[in-house]
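**Q** Just a sequence and a predicted model for now, questions to come.
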Amino acid sequence: MKQPWQVFLRRSAVAGALACAACNGPSGPKPTASAVWVGSADGGAWIDCQPMEDRRFRCAIYGNAKNLLEDSEFLTYRSFDIDSLRAQYDSYNGDEIVLKDNTTLKRDPSHTHTY
């Protein structure tokens, strides 16, 4: 189990990286060919999810083209094909990927790699 200070530091790092993401946002290079920008000119993140099995996705979250924030497995209660999932990305809040219909992809804590 993570100590409270570890959670605070990780969330602070993610928030700082997302705030800086605008310096290399949608007009900058994509980190991968399939990454999708979520956010605005004020900040956001690149999300690149790949299907693993039904309702489980491996997602890489980037602050910009060279700043990998997280490479983790995410779970959702709905089934998505990858193209419809990519069209639904709305935001990333440091803990979960929120979709346009307010469905979320929740991080699987047993398969999380933050940087």
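**A** Everything's here; your move.
**Q** So which bits of the longest strand along the chain are buried?
**A** As assigned by DSSP state E, the longest strand anywhere in the chain is strand 43-53. Buried residues in strand 43-53, defined by neighbour count with 16 or more other C-beta atoms under 10 Å: 43-49. C-beta: built from backbone N, CA, C; applies to glycine.
**Q** now stretch 70-86
**A** Buried positions in stretch 70-86, judged by neighbour count with 16+ other C-beta under 10 Å: 70-74, 76, 80, 85.
**Q** and if you look at stretch 90-101?
**A** Residues of stretch 90-101 classed as buried: 91-92, 94, 96-99 (neighbour count, 16+ other C-beta under 10 Å).
**Q** Correct me if wrong: residue 96 contacts residue 103.
**A** No: applying C-beta atoms under 8 Å as the test, residue 96 and residue 103 come out as separate, 10.0 Å apart.
**Q** what ranges do the helices span in this structure?
**A** Applying DSSP state H to the chain gives helices spanning 4-20, 82-88.
**Q** Okay, residue 92 and residue 72: tell me how far apart.
**A** 11 Å (C-beta to C-beta, to the nearest Å).
**Q** which residues of this structure score low on pLDDT?
**A** Along the chain, the model assigns pLDDT under 70 to residues 1-26, 112-115.
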